[in-house]
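Engineer: Just to be clear, the model below is a prediction. Sequence and coordinates:
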Amino acid sequence: MEPYAALMASFVLCGIVAAVMVCASWILGPKNPTPTKLEIFETGNPPMGSLRGMRFPVKFYLVAIFFVVFDVEVVFLYPWALIFRQLGWAGLVEMAIFMAILGAGLAYVWQVGALEWD
């Protein structure tokens, strides 16, 4: 338990600092709710009509998800690049297969039009 004492002290200290900042913001922050501040605001345009009838495009979310997926996949390239010489040809072939699968996924996403903004 003793080797982890510094780590636990760091976690406790971080928790205390975060709690103090949240409480200070809540206590010291201005509390002035006016009707204008309580009004719904979206991109500078006042809301018109009911939101139940509106359909929201999911393309923004799809692009965000694709970014996260491909970004996480690319993270695997860094450790591979560090030990590239030790892996030899087998490592090169494995990474080529990995990149081919990643490229096929990108080609499919592009082909079905998930990256189009219109």
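Structural biologist: Alright, I've got the coordinates.

Engineer: I'd like the average pLDDT over stretch 102-111.
Structural biologist: When pLDDT is averaged over stretch 102-111, the result is 88.

Engineer: Pull the residues that contact that stretch.
Structural biologist: Under the contact criterion Cβ atoms under 8 Å, 6 or more residues apart in numbering, stretch 102-111 has outside partners 66, 69-70, 73, 115. No exception for glycine: its C-beta is placed from N, CA and C like everyone else's.

Engineer: average pLDDT across the helix or strand containing residue 6?
Structural biologist: Take DSSP states H and E as the rule and residue 6 turns out to sit in helix 5-28. Confidence over helix 5-28 (mean pLDDT, whole number) is 94.

Engineer: next helix or strand past it?
Structural biologist: helix 35-38.

Engineer: Mean confidence (pLDDT) on the helix or strand just after that next one, please.
Structural biologist: Per DSSP H and E, helix 35-38 leads on to helix 59-75 as the next helix or strand towards the C-terminus. Confidence for helix 59-75, expressed as mean pLDDT, is 82.

Engineer: name the helices or strands packed onto helix 59-75?
Structural biologist: Other helices and strands packing on helix 59-75, by 3 or more Cβ pairs under 8 Å, 6 or more residues apart in numbering; DSSP states H and E, are helix 84-111.

Engineer: relative orientation of the helix it packs on and helix 59-75 in degrees?
Structural biologist: In terms of direction (axes from the mean of the first three to the mean of the last three Cα atoms, to 10 degrees), helix 84-111 departs from helix 59-75 by 160 degrees.

Engineer: Tell me the buried residues in helix 84-111?
Structural biologist: Burial within helix 84-111, assessed by neighbour count using 16 or more other Cβ atoms under 10 Å, is assigned to 95, 102, 109.
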